[in-house]
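Participant: The following block contains a protein sequence and its predicted model.
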Amino acid sequence: SRTTLPAPAQNGLILNEVAIGSFVVSCLAVALSLYKRKPEKIVKRISSARLPTAWGSFVTYCYKSMSDGLEHVAMVKGEIGDGKDVLVRVHSECLTGDIFKSSRCDCGNQLALAMQQIEEAGQGVVVYLKGHEGRGIGLGSKLRAYNLQDDGRDTVQANEDLGLPVDSRDYGIGAQILKDLGVRTIKLMTNNPAKCDGLKGYGIQITDRVPVLTPITKHNKRYLETKGTRMGHVYGIETESIIS
Ligand SMILES: Nc1nc2c(ncn2[C@@H]2O[C@H](COP(=O)(O)OP(=O)(O)OP(=O)(O)O)[C@@H](O)[C@H]2O)c(=O)[nH]1
(Lines give C-alpha, C1' and ligand atoms only; values in the text may rest on other atoms or scores of the structure.)
Protein backbone atom coordinates (compact mmCIF):
# COMPACT_ATOMS: atom_id res chain seq x y z
CA SER A 1 0.00 0.00 0.00
CA ARG A 2 1.24 3.48 -0.80
CA THR A 3 1.74 5.80 2.09
CA THR A 4 1.88 9.42 1.13
CA LEU A 5 1.85 12.40 3.39
CA PRO A 6 -1.25 14.49 3.04
CA ALA A 7 -0.60 17.37 0.61
CA PRO A 8 -1.03 20.26 3.13
CA ALA A 9 1.59 18.79 5.48
CA GLN A 10 4.10 18.39 2.60
CA ASN A 11 3.55 22.01 1.54
CA GLY A 12 3.95 23.12 5.14
CA LEU A 13 7.27 21.26 5.41
CA ILE A 14 8.58 22.85 2.20
CA LEU A 15 7.45 26.29 3.32
CA ASN A 16 9.19 25.82 6.65
CA GLU A 17 12.44 24.85 4.94
CA VAL A 18 12.22 27.87 2.64
CA ALA A 19 11.50 30.17 5.59
CA ILE A 20 14.40 28.79 7.65
CA GLY A 21 16.73 29.05 4.63
CA SER A 22 15.88 32.69 3.94
CA PHE A 23 16.11 33.50 7.68
CA VAL A 24 19.64 32.05 7.79
CA VAL A 25 20.63 34.02 4.65
CA SER A 26 19.30 37.27 6.16
CA CYS A 27 21.17 36.63 9.42
CA LEU A 28 24.41 36.08 7.49
CA ALA A 29 23.83 39.29 5.49
CA VAL A 30 23.24 41.31 8.68
CA ALA A 31 26.31 39.80 10.34
CA LEU A 32 28.43 40.64 7.27
CA SER A 33 27.20 44.23 7.10
CA LEU A 34 27.84 44.73 10.84
CA TYR A 35 31.34 43.34 10.39
CA LYS A 36 32.09 45.65 7.47
CA ARG A 37 30.42 48.77 8.90
CA LYS A 38 32.62 51.75 9.74
CA PRO A 39 31.98 53.45 13.09
CA GLU A 40 28.69 55.28 12.76
CA LYS A 41 28.92 59.03 12.19
CA ILE A 42 27.23 60.59 15.22
CA VAL A 43 28.30 64.18 14.80
CA LYS A 44 28.49 66.57 11.85
CA ARG A 45 30.62 69.70 11.34
CA ILE A 46 28.27 72.63 10.71
CA SER A 47 30.42 75.76 10.53
CA SER A 48 33.51 77.53 11.82
CA ALA A 49 34.69 81.07 12.46
CA ARG A 50 37.66 83.02 13.78
CA LEU A 51 37.08 83.89 17.44
CA PRO A 52 39.17 86.43 19.35
CA THR A 53 38.83 85.60 23.08
CA ALA A 54 40.07 86.88 26.44
CA TRP A 55 42.92 84.36 26.12
CA GLY A 56 43.83 84.89 22.49
CA SER A 57 42.61 84.13 19.01
CA PHE A 58 41.05 80.73 18.30
CA VAL A 59 38.99 79.19 15.53
CA THR A 60 35.67 77.91 16.84
CA TYR A 61 33.91 74.97 15.19
CA CYS A 62 30.28 74.00 15.66
CA TYR A 63 29.37 70.30 15.52
CA LYS A 64 25.84 68.98 15.65
CA SER A 65 24.82 65.63 17.15
CA MET A 66 22.87 63.62 14.59
CA SER A 67 20.70 62.00 17.26
CA ASP A 68 19.54 64.93 19.41
CA GLY A 69 20.60 68.06 17.51
CA LEU A 70 22.78 69.34 20.37
CA GLU A 71 25.48 71.76 19.21
CA HIS A 72 28.98 71.09 20.52
CA VAL A 73 32.01 73.33 20.20
CA ALA A 74 35.69 72.88 19.43
CA MET A 75 38.05 75.78 20.09
CA VAL A 76 41.17 75.28 18.01
CA LYS A 77 44.44 77.11 18.52
CA GLY A 78 47.08 77.07 15.79
CA GLU A 79 47.59 74.39 13.17
CA ILE A 80 46.84 70.75 14.02
CA GLY A 81 49.64 69.67 11.66
CA ASP A 82 50.34 65.92 11.77
CA GLY A 83 47.84 65.65 14.67
CA LYS A 84 50.36 64.11 17.04
CA ASP A 85 50.64 64.97 20.75
CA VAL A 86 48.06 67.74 20.56
CA LEU A 87 47.24 69.45 23.86
CA VAL A 88 43.52 68.76 24.39
CA ARG A 89 40.89 69.61 26.99
CA VAL A 90 37.60 67.71 26.67
CA HIS A 91 35.32 69.80 28.86
CA SER A 92 31.89 68.77 30.12
CA GLU A 93 29.27 71.50 30.06
CA CYS A 94 28.75 73.14 33.48
CA LEU A 95 26.56 76.19 33.06
CA THR A 96 26.86 77.25 36.70
CA GLY A 97 30.66 76.99 36.74
CA ASP A 98 31.57 77.95 33.17
CA ILE A 99 29.18 80.89 32.74
CA PHE A 100 28.40 82.11 36.26
CA LYS A 101 31.77 81.10 37.80
CA SER A 102 30.14 79.07 40.58
CA SER A 103 32.53 78.25 43.41
CA ARG A 104 30.79 74.95 44.15
CA CYS A 105 32.92 73.19 41.53
CA ASP A 106 36.23 73.62 39.71
CA CYS A 107 34.73 73.60 36.19
CA GLY A 108 34.94 77.31 35.35
CA ASN A 109 38.52 77.62 36.55
CA GLN A 110 39.53 74.46 34.69
CA LEU A 111 38.08 75.77 31.44
CA ALA A 112 39.90 79.08 31.86
CA LEU A 113 43.17 77.33 32.72
CA ALA A 114 42.89 75.07 29.69
CA MET A 115 42.27 78.03 27.37
CA GLN A 116 45.22 79.87 28.89
CA GLN A 117 47.63 76.92 28.64
CA ILE A 118 46.60 76.13 25.07
CA GLU A 119 47.04 79.77 24.10
CA GLU A 120 50.51 79.73 25.67
CA ALA A 121 51.41 76.49 23.90
CA GLY A 122 50.33 78.03 20.57
CA GLN A 123 48.51 74.83 19.60
CA GLY A 124 45.68 72.77 21.02
CA VAL A 125 41.96 72.08 21.21
CA VAL A 126 39.22 72.60 23.77
CA VAL A 127 36.23 70.38 23.00
CA TYR A 128 33.14 71.62 24.83
CA LEU A 129 30.52 68.91 25.20
CA LYS A 130 26.87 69.82 25.62
CA GLY A 131 24.59 67.23 27.17
CA HIS A 132 27.23 66.47 29.82
CA GLU A 133 25.75 68.94 32.32
CA GLY A 134 25.78 67.57 35.87
CA ARG A 135 27.78 64.50 34.72
CA GLY A 136 24.84 63.73 32.46
CA ILE A 137 21.86 64.37 34.73
CA GLY A 138 21.13 67.87 33.40
CA LEU A 139 20.96 71.27 35.06
CA GLY A 140 17.60 70.86 36.80
CA SER A 141 18.70 67.68 38.54
CA LYS A 142 22.13 69.10 39.34
CA LEU A 143 20.50 71.91 41.29
CA ARG A 144 18.43 69.35 43.21
CA ALA A 145 21.67 67.48 43.90
CA TYR A 146 23.19 70.71 45.22
CA ASN A 147 20.35 71.00 47.75
CA LEU A 148 21.00 67.44 48.92
CA GLN A 149 24.71 68.30 49.24
CA ASP A 150 23.77 71.31 51.37
CA ASP A 151 21.90 68.82 53.57
CA GLY A 152 25.04 66.72 54.02
CA ARG A 153 25.16 64.27 51.11
CA ASP A 154 28.27 64.15 48.96
CA THR A 155 28.21 64.60 45.17
CA VAL A 156 27.96 60.85 44.56
CA GLN A 157 25.26 60.16 47.16
CA ALA A 158 23.23 63.15 45.96
CA ASN A 159 22.88 61.73 42.43
CA GLU A 160 22.08 58.30 43.91
CA ASP A 161 19.42 59.76 46.21
CA LEU A 162 17.77 61.28 43.16
CA GLY A 163 17.74 57.83 41.56
CA LEU A 164 20.08 59.07 38.82
CA PRO A 165 23.43 57.79 37.53
CA VAL A 166 26.53 59.10 39.28
CA ASP A 167 28.22 59.71 35.91
CA SER A 168 26.57 58.83 32.60
CA ARG A 169 28.86 60.79 30.30
CA ASP A 170 29.88 59.25 26.99
CA TYR A 171 32.92 60.43 25.05
CA GLY A 172 32.01 59.16 21.58
CA ILE A 173 31.11 62.62 20.30
CA GLY A 174 34.28 64.16 21.74
CA ALA A 175 36.37 61.47 20.07
CA GLN A 176 34.69 61.99 16.68
CA ILE A 177 35.19 65.76 16.87
CA LEU A 178 38.90 65.28 17.59
CA LYS A 179 39.26 62.85 14.68
CA ASP A 180 37.39 65.20 12.36
CA LEU A 181 39.84 67.97 13.24
CA GLY A 182 42.74 65.70 12.32
CA VAL A 183 43.89 65.08 15.88
CA ARG A 184 45.61 61.70 16.14
CA THR A 185 47.25 61.48 19.57
CA ILE A 186 46.66 63.74 22.54
CA LYS A 187 48.09 65.16 25.71
CA LEU A 188 44.85 65.19 27.70
CA MET A 189 44.24 67.94 30.25
CA THR A 190 42.31 66.17 33.01
CA ASN A 191 42.40 64.76 36.53
CA ASN A 192 39.79 62.15 35.68
CA PRO A 193 40.91 58.61 34.80
CA ALA A 194 37.39 57.70 33.60
CA LYS A 195 37.66 60.41 30.96
CA CYS A 196 40.96 58.92 29.75
CA ASP A 197 39.34 55.47 29.57
CA GLY A 198 36.25 56.89 27.86
CA LEU A 199 38.26 58.54 25.08
CA LYS A 200 40.59 55.55 24.70
CA GLY A 201 37.52 53.37 24.27
CA TYR A 202 36.71 55.40 21.16
CA GLY A 203 40.18 55.01 19.68
CA ILE A 204 41.85 58.21 20.90
CA GLN A 205 45.46 57.54 21.86
CA ILE A 206 46.58 59.45 24.94
CA THR A 207 50.34 60.00 25.03
CA ASP A 208 50.36 62.13 28.16
CA ARG A 209 48.08 63.52 30.86
CA VAL A 210 48.31 67.13 31.94
CA PRO A 211 46.81 67.76 35.41
CA VAL A 212 44.30 70.63 35.60
CA LEU A 213 44.73 71.88 39.15
CA THR A 214 42.75 74.89 40.28
CA PRO A 215 42.30 76.66 43.64
CA ILE A 216 40.63 74.76 46.48
CA THR A 217 38.11 76.93 48.34
CA LYS A 218 35.76 76.40 51.27
CA HIS A 219 32.93 76.03 48.73
CA ASN A 220 34.48 73.30 46.56
CA LYS A 221 36.71 71.52 49.12
CA ARG A 222 34.30 68.68 49.92
CA TYR A 223 33.35 68.27 46.26
CA LEU A 224 36.98 67.90 45.21
CA GLU A 225 37.69 65.51 48.11
CA THR A 226 34.76 63.33 47.10
CA LYS A 227 35.91 63.25 43.49
CA GLY A 228 39.30 62.09 44.76
CA THR A 229 38.09 59.47 47.23
CA ARG A 230 34.96 58.16 45.49
CA MET A 231 35.44 58.88 41.78
CA GLY A 232 39.15 58.20 41.38
CA HIS A 233 40.18 61.71 40.33
CA VAL A 234 43.86 62.36 40.74
CA TYR A 235 44.95 65.70 42.16
CA GLY A 236 48.62 65.34 41.51
CA ILE A 237 51.04 64.68 38.72
CA GLU A 238 50.96 60.86 38.70
CA THR A 239 50.21 59.96 35.12
CA GLU A 240 51.50 56.52 34.20
CA SER A 241 48.77 54.53 35.92
CA ILE A 242 46.07 56.70 34.38
CA ILE A 243 46.98 56.70 30.71
CA SER A 244 48.60 53.28 30.36
N1 LIG B 1 25.77 65.80 39.41
C2 LIG B 1 26.67 66.73 39.69
N3 LIG B 1 27.40 67.23 38.68
C4 LIG B 1 28.32 68.16 38.97
C5 LIG B 1 28.53 68.66 40.27
N6 LIG B 1 29.50 69.58 40.20
C7 LIG B 1 29.87 69.67 38.92
N8 LIG B 1 29.17 68.82 38.17
C9 LIG B 1 29.26 68.50 36.74
O10 LIG B 1 30.39 67.68 36.57
C11 LIG B 1 30.88 67.83 35.25
C12 LIG B 1 32.38 67.97 35.33
O13 LIG B 1 32.85 66.81 35.90
P14 LIG B 1 34.03 66.77 36.93
O15 LIG B 1 33.93 65.44 37.61
O16 LIG B 1 34.02 68.00 37.79
O17 LIG B 1 35.32 66.86 36.10
P18 LIG B 1 35.72 65.98 34.89
O19 LIG B 1 35.37 66.78 33.66
O20 LIG B 1 35.14 64.62 34.98
O21 LIG B 1 37.26 65.80 35.10
P22 LIG B 1 38.41 66.82 34.78
O23 LIG B 1 38.80 66.58 33.37
O24 LIG B 1 39.50 66.50 35.72
O25 LIG B 1 37.85 68.19 34.98
C26 LIG B 1 30.16 69.01 34.65
O27 LIG B 1 29.20 68.51 33.75
C28 LIG B 1 29.46 69.66 35.83
O29 LIG B 1 28.23 70.23 35.48
C30 LIG B 1 27.74 68.11 41.32
O31 LIG B 1 27.87 68.43 42.49
N32 LIG B 1 26.82 67.15 40.96
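Facilitator: Here it is on my side, so go on.
Participant: so how far is the ligand from the spatially most central residue of the chain?
Facilitator: Per Cα atoms, centre = their mean, the C-alpha nearest to the average position across the chain is that of residue 171, at 2.0 Å. Using Cβ to the nearest ligand atom, to the nearest Å, one gets 10 Å for the distance from residue 171 to the ligand. Backbone N, C-alpha and C define where each C-beta goes, glycine included.
Participant: Would you mind confirming that that residue is in contact with residue 88?
Facilitator: No: applying Cβ atoms under 8 Å as the test, residue 171 and residue 88 come out as separate, 11.6 Å apart.
Participant: ok, and does stretch 84-93 reach over to the ligand?
Facilitator: Yes: interface with the ligand: stretch 84-93 contributes 92-93 (Cβ under 6 Å from any ligand atom).
Participant: Going by neighbour count, which residues of that stretch are buried?
Facilitator: Buried residues in stretch 84-93, defined by neighbour count with 16 or more other Cβ atoms under 10 Å: 85-93.
Participant: Out of these, list just those in strands.
Facilitator: 86-92 (DSSP state E).
Participant: all strands of the chain, in order?
Facilitator: Using DSSP E, strands in the chain cover 43-52, 57-65, 71-77, 86-92, 124-129, 185-189, 205-210.
Participant: Give the full set of residues in contact with residue 82.
Facilitator: Residues in contact with residue 82, defined by Cβ atoms under 8 Å, 6 or more residues apart in numbering, are residue 184.
Participant: and this protein, what are its domains?
Facilitator: Under automatic domain parsing, the residue ranges defining each domain of the chain are 1-37, 43-132+169-243.
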